[in-house]
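Q: Could you work out the structure for the sequence below:
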Amino acid sequence: MQHSNKAAVIFSGGQDSTTCLLLAIREFGKENVEAITFQYGQRHTIELEKAAWIAQDLGIKQTLIDTSVIKAITHNALMDENATIAQNGSTPNTFVDGRNALFLLYAGIYAKSQGIQTLYTGVCETDFSGYPDCRDVFVKSMNVTMNLAMDYNFNIRTPLMYLTKKETWALADELGAFDYIRQHTHTCYLGIEGGCHDCPSCQLREKGLNEYLAERANV
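A: Residues are numbered from 1 along each chain as shown. You can find the predicted model right below:
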């Protein structure tokens, strides 16, 4: 039996996925929302710890899925703590080949088993690092593929797809969660508590934050 009144959120404990989690809770209600978190061999565990803490704090069921087999078949700076994070050409070396395709597929397999049709993912192609699997065209194609593969009507939502980081902070404020997201989420590639302020992920987050704070101060 399908229950279209439930949702699952691909949840990393970062700014974007926490915003999506709060959006899902607002629409579906806390009791109808689940978080799915992936252990894929990331170079630090702080995001997994943040994700677990937030899910527990919000009273949301969290499922941890181990996809660390990906470490055996590809290499990138996000999974190698000895690698220097850099922008190599158009794609940064933090890009994990196939990661979002894998996440969506595994999240879909789990969601179907729970009678969940709606999946949230915090990908964005406006203010992002140049990852091909954050584009709208990819997510739409993946939605079609999963529907065909499992004969199931998935609805993959990407509420942040066309938002700048400044607009994502504004959305957090609208949700009444600006301070919560600022204090409890983790974005830093290097796994430093509170951020390193230097990696591309920290720079993107802080640039958007400063732009939003400046705009809010002028209102």
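
Q: Quick check: nearest residue in space to Gly122, chain neighbours excluded?
A: Asp16 (3.2 Å; C-beta to C-beta, 6 or more residues apart in numbering). Where you see a C-beta, it was placed from the backbone N, CA and C, and this is true even at glycine.

Q: my read: that neighbour touches Trp169, true?
A: No: counting by C-beta atoms under 8 Å, Trp169 is not a contact partner of Asp16; they are 10.8 Å apart.

Q: And the strands in the protein?
A: Secondary structure of the chain (DSSP state E): strands located at 3-10, 33-39, 61-66, 87-88, 91-92, 116-120, 155-157.

Q: Could you tell me the per-residue confidence at Gln15?
A: Gln15 carries a pLDDT value of 96.

Q: Now do the residue lying closest to Glu125 once chain neighbours are set aside against Leu148, distance only.
A: Excluding its sequence neighbours, the residue lying closest to Glu125 (C-beta to C-beta, 6+ apart) is Arg135, at 4.8 Å. Shown here: Arg135 relative to Leu148, a distance of 20 Å by C-beta to C-beta, to the nearest Å.

Q: who has more neighbours, these two?
A: A direct count of neighbours by other C-beta atoms under 10 Å for Arg135 and Leu148 places Arg135 higher, at 17 against 9.

Q: correct me, but that one touches Ser141?
A: No: if you go by C-beta under 8 Å, Arg135 and Ser141 don't touch, sitting 9.5 Å apart.

Q: Mutual contacts of these two, please.
A: Counting by C-beta atoms under 8 Å, 6 or more residues apart in numbering, Arg135 and Ser141 have no shared contacts at all.

Q: hmm, back to that, who's in contact with the residue nearest to Gly122?
A: Asp16 neighbours (C-beta under 8 Å, 6+ apart): Gly122, Val123, Cys124, Leu160, Thr168.

Q: Could you pull up phi and psi at the first one?
A: Right, Gly122. phi -90, psi 20 (degrees, to the nearest 10).

Q: List the residues that contact it.
A: Per C-beta under 8 Å, 6+ apart, neighbours of Gly122: Ile10, Ser12, Gly14, Asp16, Ser17, Thr19, Cys20, Thr158, Pro159, Leu160.

Q: With the second one instead?
A: If a contact means C-beta under 8 Å, 6+ apart, then Val123 has Asp16, Asn100, Asp133, Cys134, Arg135, Val139, Thr158, Leu160, Met161 as its contacts.

Q: residues near Ala51, how many?
A: Ala51 has 25 nearby residues by other C-beta under 10 Å.

Q: which parts of the longest helix along the chain are buried?
A: Scanning the chain for the helix with the most residues, using DSSP state H, yields helix 200-218. Within helix 200-218, the residues that count as buried by 16 or more other C-beta atoms under 10 Å are Pro200, Ser201, Cys202, Leu204, Arg205, Gly208, Leu209, Glu211, Tyr212.

Q: same question, stretch 102-111
A: Leu102, Phe103, Leu104, Leu105, Tyr106, Ala107, Gly108, Tyr110, Ala111.
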